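Visitor: Sequence and predicted structure below; questions after.
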Protein chains: 2
Amino acid sequence: MSSVPKRQKLDAAGDGNTSAGPNEEESDALEQIDACQNEIDALNEKASEEILKVEQKYNKLRKPCYEKRSELVKRIPNFWVTSFINHPQVSGILDEEEEECLHALNKLEVEEFEDIKSGYRINFHFDENPYFENKILTKEFHLNSAASENGDWPASTSTPIEWKEGKNLLKQLLTKPYTNKKKRNSDYKTFFDWFSDNADPVNDEIAELIKDDLWPNPLQYYLVPDIEVEPEDDDEIDDNEEEAFDDDDGEEEGDEDLEDEGW
Amino acid sequence: MSSVPKRQKLDAAGDGNTSAGPNEEESDALEQIDACQNEIDALNEKASEEILKVEQKYNKLRKPCYEKRSELVKRIPNFWVTSFINHPQVSGILDEEEEECLHALNKLEVEEFEDIKSGYRINFHFDENPYFENKILTKEFHLNSAASENGDWPASTSTPIEWKEGKNLLKQLLTKPYTNKKKRNSDYKTFFDWFSDNADPVNDEIAELIKDDLWPNPLQYYLVPDIEVEPEDDDEIDDNEEEAFDDDDGEEEGDEDLEDEGW
């Protein structure tokens, strides 16, 4: 852009320039400042591109680790449902029967789209279970234009759940009182409500917690110590292990308190 | 870390593992998951380091642009004070006599520390002025350990202001009513209050606005159009210029409204 800006709001100098616009000397300087800004903007854009490339590279490098972890997780019964239940916020949307159902969740996957900023998908892989026919339930977020060829963004989609006869938890939840004892999440009533609701794809708190907190390190939630056991009494745990595994102790205890109070 | 985690909070499987700890097969899997997590953590750290390097590279590349801009800005009287006054939030801490004083502000500099995340400093360069002796007032933020050899973080420091006789604006402000017509900032009374106050260095809103908003692009604030002039009446401005320069119109008008109402 090479046009000369004509106005400035305040005549801070008191030299009467407000209505007449800046003088020639100032116009020239402003034009050059504008050129500087364009250079700065271009550098910012290049920096963003390079950072994106680094993130893409490390997404690729992390992938085999995540895949290996997924295989290992399958050897631990109820790894994911336990991690969900122990997560201070995610636990808040788990209805009792949903917890039952999530025992069949054998694999969780978070995939960022190639250009990262445009969105991501979460794949929930299920064993054969009494509740629905699907093997995989996917919730997908298109947050920026680059990802959506059809221009439909921001938007989220989720796999339609093929409930088995009489097992539609969403319908059941409508007719029975909310049975989760824990702190109720203000935005979503229950897990499958959250999964199926695509009304507001931006700032989906639960999805972001799964992507940015549970997925990068579920072990910290899976391994939350049993609050009933006094740490001093547990000779098997030394201090280093405590530190390494239980870095979210405080938050978890807070959640436990809510549970104890009958929330 | 190679120790086997001994506990999990919930006996989700119902197989009595809670008190006894996981069985051997699960312990082995958990240990391997933990190893995976360590690999993932190490990759995350390497990614952060590479991103830091990109940011450092572009900080260096941007530097000459910013320096050139600083020289150009000196040719425009009251560039910085005008930008401050036009900024919707920063304007809120400018007392009338401080505005007067800031007419002497001829150069603003924001310098991120070499490792970026550890902190930054803001240098305010002043012409000879009736208020204080200092040529440069610096406010510096140490936000992470890496920056502070003495371990004193988070912390901020600011140059002691050498007020001229009878010109101590901080003292004067204590004895006269607050004269800023605009929206009052809830955290800081006035600019020099903000500058001198180092009680809470974390989440300093004004400092962050200067660093992340005013410094990267002051022109957008300097050039805010005079709200008194109806755009339709101003034949000199074509639509493209409006768009290029005035992308914060809405906010500014909101602020103007407050001013008109005598805030």
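Guide: Happy to help now that I have it.
Visitor: Which stretches in the stretch 51-200 of chain A count as helices?
Guide: Assigned by DSSP state H, counting those that start in this stretch, the stretch 51-200 of chain A shows helices spanning A:79-86, A:96-102, A:169-175, A:191-196.
Visitor: and the residue of the stretch 101-250 of chain A nearest chain B?
Guide: At 4.3 Å from chain B, residue A:224 is the closest residue in the stretch 101-250 of chain A, using C-beta to the nearest C-beta. Backbone N, C-alpha and C define where each C-beta goes, glycine included.
Visitor: that older thread, just put the helices of the stretch 51-200 of chain A in TSV and tack on mean pLDDT and distance to chain B.
Guide: Output for the helices of the stretch 51-200 of chain A, formatted as TSV (pLDDT from 0 to 100; distance: least, C-beta to the nearest C-beta, whole Å):
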stretch	mean pLDDT	distance to chain B
helix A:79-86	96	4
helix A:96-102	94	8
helix A:169-175	79	18
helix A:191-196	94	15
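Visitor: what's the most buried one of those?
Guide: helix A:79-86 (a mean of 24; mean count of other C-beta atoms under 10 Å in any protein chain shown).
Visitor: and it, what other elements does it pack with?
Guide: Helices and strands touching helix A:79-86, as assessed by 3 or more C-beta pairs under 8 Å, 6 or more residues apart in numbering or on different chains; DSSP states H and E, comprise helix A:96-102, strand A:105-112, helix A:219-222.
Visitor: switch to 10 Å and redo it
Guide: helix A:24-73, helix A:96-102, strand A:105-112, helix A:219-222, helix B:24-73 (3 or more C-beta pairs under 10 Å, 6 or more residues apart in numbering or on different chains; DSSP states H and E).
Visitor: Select, out of the ones you listed, the one closest to residue B:161.
Guide: helix B:24-73 (22.2 Å; C-beta to C-beta).
Visitor: Could you tell me the angle between that closest one and helix B:79-86?
Guide: Angle, helix B:24-73 to helix B:79-86, by axes from the mean of the first three to the mean of the last three C-alpha atoms, to 10 degrees: 120 degrees.
Visitor: Now do helix B:24-73: which elements does it pack against?
Guide: helix A:24-73, helix A:79-86, helix A:219-222, helix A:239-245, helix B:79-86, strand B:105-112, helix B:219-222.
Visitor: I'd like the ones you listed laid out as JSON lines, including distance to residue A:194.
Guide: Below are the helices and strands packed on helix B:24-73 laid out as JSON lines (distance: least, C-beta to C-beta, whole Å):
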{"stretch": "helix A:24-73", "distance to residue A:194": "22"}
{"stretch": "helix A:79-86", "distance to residue A:194": "12"}
{"stretch": "helix A:219-222", "distance to residue A:194": "18"}
{"stretch": "helix A:239-245", "distance to residue A:194": "28"}
{"stretch": "helix B:79-86", "distance to residue A:194": "43"}
{"stretch": "strand B:105-112", "distance to residue A:194": "39"}
{"stretch": "helix B:219-222", "distance to residue A:194": "39"}
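Visitor: mind listing the strands in the stretch 151-263 of chain A by residue range?
Guide: Taking DSSP state E, counting those that start in this stretch, the strands of the stretch 151-263 of chain A run over residues A:155-158.
Visitor: low pLDDT regions in the stretch 51-200 of chain A?
Guide: Counting by pLDDT under 70, the stretch 51-200 of chain A shows low-confidence ranges at A:145-151, A:174-188.
Visitor: quick one, domains of chain A?
Guide: Using automatic domain parsing, the domain parsing of chain A gives A:22-61, A:74-227+A:237-260.
Visitor: circling back to that earlier point, please identify the most buried of the helices and strands packed on helix A:79-86.
Guide: Stretch with highest mean neighbour count among those: helix A:219-222 (a mean of 23; mean count of other C-beta under 10 Å).
Visitor: what is the mean pLDDT for it?
Guide: Mean per-residue pLDDT for helix A:219-222: 94.
Visitor: Any residue of it touching chain B?
Guide: Yes: Helix A:219-222 reaches chain B (C-beta under 10 Å from any C-beta of the partner chain) through A:219, A:220, A:221, A:222.
Visitor: Just to check, residue A:140 is in contact with residue A:152?
Guide: No: the criterion here is C-beta atoms under 10 Å, and residue A:140 misses it with residue A:152 at 11.5 Å.
Visitor: When those two are compared, which one has more neighbours?
Guide: Each of residue A:140 and residue A:152 has its neighbours counted (other C-beta atoms under 10 Å in any protein chain shown); residue A:140 has more, 20 against 11.
Visitor: Report the beta-bridge partners for the more buried one.
Guide: Beta bridges link residue A:140 to residue A:121, residue A:157, judged by DSSP bridges.
Visitor: which residues does it contact?
Guide: For residue A:140, the contacting residues are A:111, A:113, A:119-123, A:147, A:155-159, A:198, A:201, A:207, by C-beta atoms under 10 Å, 6 or more residues apart in numbering or on different chains.
Visitor: now those: which count as buried?
Guide: Neighbour-count burial (16 or more other C-beta atoms under 10 Å in any protein chain shown) applied to the contacts of residue A:140 gives A:111, A:113, A:119-122, A:147, A:155-156, A:158-159, A:201, A:207.
Visitor: Any chance of JSON lines for those, columns distance to residue A:166?
Guide: Putting the buried ones among the contacts of residue A:140 into JSON lines (distance: C-beta to C-beta, whole Å) gives the following:
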{"residue": "A:111", "distance to residue A:166": "33"}
{"residue": "A:113", "distance to residue A:166": "38"}
{"residue": "A:119", "distance to residue A:166": "35"}
{"residue": "A:120", "distance to residue A:166": "34"}
{"residue": "A:121", "distance to residue A:166": "30"}
{"residue": "A:122", "distance to residue A:166": "27"}
{"residue": "A:147", "distance to residue A:166": "38"}
{"residue": "A:155", "distance to residue A:166": "32"}
{"residue": "A:156", "distance to residue A:166": "28"}
{"residue": "A:158", "distance to residue A:166": "22"}
{"residue": "A:159", "distance to residue A:166": "21"}
{"residue": "A:201", "distance to residue A:166": "31"}
{"residue": "A:207", "distance to residue A:166": "29"}
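Visitor: from the residues you listed, which single one is nearest residue A:27?
Guide: residue A:147 (42.4 Å).
Visitor: Just give me the neighbour total for residue A:137.
Guide: 20.
Visitor: among the helices and strands packed on helix B:24-73, which is nearest residue B:167?
Guide: With C-beta to C-beta as the criterion, residue B:167 lies closest to strand B:105-112 of the helices and strands packed on helix B:24-73, at 15.8 Å.
Visitor: That closest one near chain A at all?
Guide: No: applying C-beta under 10 Å from any C-beta, one finds strand B:105-112 out of contact with chain A, separated by at least 10.9 Å.
Visitor: could you check the angle helix B:24-73 makes with that strand?
Guide: 160 degrees.
Visitor: Partner strands of strand B:105-112 and their direction?
Guide: strand B:119-126 (antiparallel).
Visitor: and for stretch A:38-47, what are the contacting residues?
Guide: Defining contact as C-beta under 10 Å, 6+ apart, one finds that stretch A:38-47 is touched by A:1-2, B:51, B:54-55, B:57-59, B:61-62, B:64-66, B:68-69, B:216-217.
Visitor: any idea how far residue A:191 is from residue A:125?
Guide: As judged by C-beta to C-beta, to the nearest Å, residue A:191 and residue A:125 stand 15 Å apart.
Visitor: If we go by neighbour counts, what in stretch A:209-220 is buried?
Guide: Using 16+ other C-beta under 10 Å as the test for burial, stretch A:209-220 gives A:210, A:211, A:213, A:214, A:215, A:217, A:218, A:219, A:220.
Visitor: Most widely separated two among the residues you listed?
Guide: The largest separation in the buried residues of stretch A:209-220, counting by C-beta to C-beta, is between A:211 and A:219 at 16.4 Å.
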